[in-house]
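Participant: Fold the following for me, if possible:
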Amino acid sequence: MTSADQLSFHTVIMGEGAPVVFIHGLLVGNLATWYFSAAPKLSQSHHVLLYDLRGHGKSPRTQSGYDLDTMTHDLENLVDSFSTEPLTLVGHSYGALIALNYALSHPEQVKALVLVEAPLPPSELQEMRAILAASSDDMVAALPPELQGMLQSGGRRARRFLEGLHFLTAESTLLEDLRNTPDISDEQLARLHCPVLCLYGEQSSCKQVGERLVRVIPDARLELLPGGHFLPLEAADEVSNRILEFVRG
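Facilitator: Numbering: from 1, shown residues only. I've put the predicted structure just below:
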């Protein structure tokens with residue numbers, strides 16, 4: 001557990017070497033997104049940090065603070081206690097947006113970025129917010145088969161998942177915070193000079209974001225993989241392999 005601004009975040013730290021931080025997405029994610037895929041392999045050669053975002057997994061359920069700047073500030077505090085060296089950030093979905101926002105604010109601290117299915121405001125976040133504001137049945141229907149199967153099986157894990165989902169969508173400011181996410185301009189993106197790997201699903205509605213990123217960011221490349229928005233679940237091995245190849249360079 002690592003303290004950041006009086007919040008005690010659930011973290012896992014593995015390995016030794018150059019620092020890498022993995023960031024999961026909203027609602028359906030926690031650090032297990034990366035703990036059971038790329039992180040253990042990369043920890044054989046790197047110093048790896050995984051953490052549960054606020055309101056997710058074993059981190060505190062706060063009523064507010066789900067805006068991009070606050071969640072980026074959470075990452076800043078965790079990084080400050082984790083490493084003073086330039087690091088690689090790996091993020092999925094909203095976690096990728098947090099990584100991108102951190103890199104724009106701290107370019108000297110970021111060695112490389114891996115953005116997996118990163119959305120960009122406003123259009124992609126509006127679509128995400130519409131899904132989150134839907135009925136529980138519609139929301140579950142939008143999940144990948146792996147998560148739908150877990151929910152249908154019942155048990156403690158399913159109950160915890162649904163409780164967390166209810167809290168974030170009905171008892172926190174998350175939906176309002178998503179609505180107020182500021183735009184990120186091409187001028188801002190063009191100031192990124194670290195290497196950037198953009199991974200998107202061939203069936204994802206977000207893949208046009210990847211096309212925009214590689215068009216604007218000087219040292220970015222786009223790779224399309226079979227699957228949709230939940231690539232770390234749908235194409236876990238391929239995502240892990242691309243991340244390992246890129247980070248080990």
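Participant: G164: neighbouring residues, count only.
Facilitator: By the criterion of other C-beta atoms under 10 Å, G164 has 17 neighbours. C-beta: built from backbone N, CA, C; applies to glycine.
Participant: Check it and give its pLDDT.
Facilitator: At G164, the model reports a pLDDT of 84.
Participant: any idea how far D80 lies from Y94?
Facilitator: 21 Å (C-beta to C-beta, to the nearest Å).
Participant: and what of V48?
Facilitator: Per C-beta to C-beta, V48 is found 20 Å from Y94.
Participant: for E85, same thing?
Facilitator: Applying C-beta to C-beta to E85 and Y94 gives a distance of 25 Å.
Participant: out of the two, which sits in the busier spot?
Facilitator: Y94 (26 against 10).
Participant: what helix or strand does L120 sit in?
Facilitator: Taking DSSP states H and E as the definition, one finds L120 inside no helix or strand.
Participant: residues contacting it?
Facilitator: With contacts defined as C-beta atoms under 8 Å, 6 or more residues apart in numbering, the neighbours of L120 are L97, D183, I184, V209, R212, L213.
Participant: Now list the buried members of these.
Facilitator: Burial by neighbour count, judged by 16 or more other C-beta atoms under 10 Å, picks out L97, I184, V209, R212, L213 from the contacts of L120.
Participant: Which stretches in the chain count as strands?
Facilitator: With DSSP state E as the criterion, the chain has strands at 2-4, 7-9, 11-14, 18-23, 46-51, 87-92, 110-116, 196-201, 220-225.
Participant: Using a markdown table, lay out the ones you listed together with mean pLDDT, distance to T33 and mean neighbour count.
Facilitator: Listed next are these as a markdown table, based on pLDDT from 0 to 100; distance: least, C-beta to C-beta, whole Å; neighbours: other C-beta atoms under 10 Å:
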| stretch | mean pLDDT | distance to T33 | mean neighbour count |
| --- | --- | --- | --- |
| strand 2-4 | 54 | 18 | 16 |
| strand 7-9 | 93 | 15 | 17 |
| strand 11-14 | 98 | 12 | 16 |
| strand 18-23 | 99 | 8 | 25 |
| strand 46-51 | 98 | 9 | 25 |
| strand 87-92 | 98 | 6 | 26 |
| strand 110-116 | 99 | 10 | 25 |
| strand 196-201 | 98 | 13 | 25 |
| strand 220-225 | 98 | 16 | 17 |
